[in-house]
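# Please find the sequence and the predicted model below.
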Amino acid sequence: MRELIVLCSAYSISLFYRGMIAVIAPEISADLALDEAMLGVLASSFFLSFAVAQIPTGIALDRFGGRITIAGFMWFAVFGTWLFSVATTYYEALLAQVLIGVGCAPVFVGIMLFIGRRFSPQRFAYVTALVLAVGSLGDLMGTTPLAMLAQWLGWRSSLQLIMLVPALISCLFLFAMESDRPEVSQETLVRMLKGMAKICSIRSLWTVMPMFLASYAVLMAIRGLWSGPYLADIFAASATQRGFILMAMSVSMAVGTFLLGLADRRFQQTKWVVLCTSMLTLLALMLLAYYPARGSGFAMGCFIVIGLFGYNYPLLMSHSRTFLSPQYYGRGMAVLTAISMIGVAIIQSGSGWLMEWATSAKLSSVEQYRMLFVLLAGVLATAMLAYSFSRREGSADQPTIK
């Protein structure tokens, strides 16, 4: 239990970093002279570096265990947070985001491996959803508390205070967790890459992968990037008002993660739970596209629905595990996590370029955000169509290590 609490604390700070830009995006953009495309790339750089770092972190987790790996990598996040706080140019901020992404890279897979070793496949989605719901406290801290702190100290001083958190978590891993270093490790870079290639060759996963690319990406395009600028541009919302609305969305994400886990455990129909909840998310996106300026209360309601039903990542992971042999769980989760993060990077950077084009085309702010919500709805609908052809479960094409 002590180890699980420490892992949850690490996941909390990882979630905080994923969404922090949304609340203070207008202030960062003004201070660093960022346009929409640059803001999109800045936000996506965390997820892209997070995805790429799955290879070295996967090897490190196998060779050194979670205790040493997460404790060591957290210092990248510490230095990245400091660099972001003193950045005076776009490229310095970009490098800072990359370092933060690398620092958080081993956390999620480490938690999944921990749960996978201690719980049966039937309880995996439920326990994962419970841990992610508890870890969502970090996401909550990136809403109203961050907005109030930024208004009080400024966003730069706030980040300098926040960087103490990953430093503390690193120390907790070193001194509060027992060593989990494997006695023998045969993992190498070549072996890791071959194993990842085998995961991508599993045909039953091909119809699931589009949902990994799109589902979390759509959620984070709103929660992690555009919600703050949208509320500021359309409704002239202050940082505190933006923080309050995003806190409501974050609470709904935490509650929804837990409820989706319960639904999966109750009905034992993971695929259909994912499709039904994704349909509700799609409906909220379509309403935002049709009524982008109806009111901040209406927008908050749609955000709450998206948060409540949009975070189905644990269910997708549970579904995917039925296609993996046990010895492939670790790298399978690493590959699917990387795919999910790459999807976020693509959608955030792509949406940034779309918004920049809309600005240069002199479209109104309302029309710009209408285009954004249409894009996100289209991406999710396409992924849902592919996922509808997936198998409910299976083991026939599970790979074996050679």
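That came through fine.

# In the stretch 1-150 of the chain, where is pLDDT below threshold?
1, 114-129 (pLDDT under 70).

# can you give me the helices in it?
With DSSP state H, counting those that start in this stretch as the definition, the stretch 1-150 of the chain shows helices at residue ranges 2-32, 36-52, 54-86, 90-118, 121-135, 137-141, 144-153.

# Out of the ones you listed, which is closest to Ala377?
Closest approach to Ala377 among the helices of the stretch 1-150 of the chain (Cβ to Cβ): helix 36-52, 17.9 Å. C-beta coordinates here come from the backbone N, C-alpha and C atoms, glycine included.

# Now do the closest one: which elements does it pack against?
helix 2-32, helix 90-118, helix 329-360 (3 or more Cβ pairs under 8 Å, 6 or more residues apart in numbering; DSSP states H and E).

# in what helix or strand does Ala237 lie?
Using DSSP states H and E, Ala237 is not contained in any helix or strand.

# list the contacts for it?
Ala237 makes contact with 231, 245, 296, according to Cβ atoms under 8 Å, 6 or more residues apart in numbering.

# now with 10 Å?
Each residue near Ala237 by Cβ atoms under 10 Å, 6 or more residues apart in numbering is listed here: 26, 227-228, 230-231, 243-245, 296, 299.

# tally of neighbours for Arg203?
11 (other Cβ atoms under 10 Å).

# how close does it sit to Gly138?
36 Å (Cβ to Cβ, to the nearest Å).

# who wins for neighbours among the contacts of Ala237?
Result: Gly228 is most packed of the contacts of Ala237 (other Cβ under 10 Å), 29 neighbours.

# Tell me which helix or strand comes right after the helix or strand where it lies, heading toward the C-terminus.
In this assignment (DSSP H and E), Gly228 forms part of helix 227-235. Where DSSP H and E defines the elements, the next helix or strand beyond helix 227-235 is helix 239-267.

# Which strands and helices lie in contact with that next one?
Identification of packing neighbours for helix 239-267 by 3 or more Cβ pairs under 10 Å, 6 or more residues apart in numbering; DSSP states H and E yields helix 2-32, helix 121-135, helix 137-141, helix 144-153, helix 227-235, helix 270-290, helix 296-310, helix 313-321.

# What residues sit buried inside it?
For helix 239-267, a neighbour-count test (16 or more other Cβ atoms under 10 Å) marks 239, 241-254, 256-261, 263-265 as buried.

# Most tightly packed of the helices and strands packed on helix 239-267?
Mean neighbour count (mean count of other Cβ atoms under 10 Å) peaks for helix 313-321 among the helices and strands packed on helix 239-267, with a mean of 24.

# what helices or strands is it leaning on?
Counting by 3+ Cβ pairs under 10 Å, 6+ apart, helix 313-321 packs on helix 90-118, helix 121-135, helix 203-206, helix 209-221, helix 239-267, helix 270-290, helix 329-360.

# and the helix or strand that the last one is followed by, how far from the chain's centre?
In this case it means helix 329-360. Once the chain leaves helix 329-360, the next helix or strand it forms, by DSSP H and E, is helix 365-387. Its chain's C-alpha centre and that of helix 365-387 lie 18 Å apart, by Cα atoms, centre = their mean, to the nearest Å.

# next one: stretch 28-44
For stretch 28-44, the distance to the chain centre is 19 Å (Cα atoms, centre = their mean).

# Span of it from start to end?
Stretch 28-44 has an end-to-end distance of 15 Å (Cα to Cα, to the nearest Å).

# Go through it and flag the buried ones.
Those would be 28-29, 32, 34, 36-44, for stretch 28-44 by 16+ other Cβ under 10 Å.

# And for stretch 50-61?
So stretch 50-61, judged by 16+ other Cβ under 10 Å, has buried residues 50-61.

# now the residues you listed in JSON lines, with distance to Arg223?
Converted to JSON lines, those look like this (distance: Cβ to Cβ, whole Å):
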{"residue": "Phe50", "distance to Arg223": "16"}
{"residue": "Ala51", "distance to Arg223": "18"}
{"residue": "Val52", "distance to Arg223": "22"}
{"residue": "Ala53", "distance to Arg223": "22"}
{"residue": "Gln54", "distance to Arg223": "22"}
{"residue": "Ile55", "distance to Arg223": "27"}
{"residue": "Pro56", "distance to Arg223": "27"}
{"residue": "Thr57", "distance to Arg223": "24"}
{"residue": "Gly58", "distance to Arg223": "27"}
{"residue": "Ile59", "distance to Arg223": "31"}
{"residue": "Ala60", "distance to Arg223": "29"}
{"residue": "Leu61", "distance to Arg223": "27"}
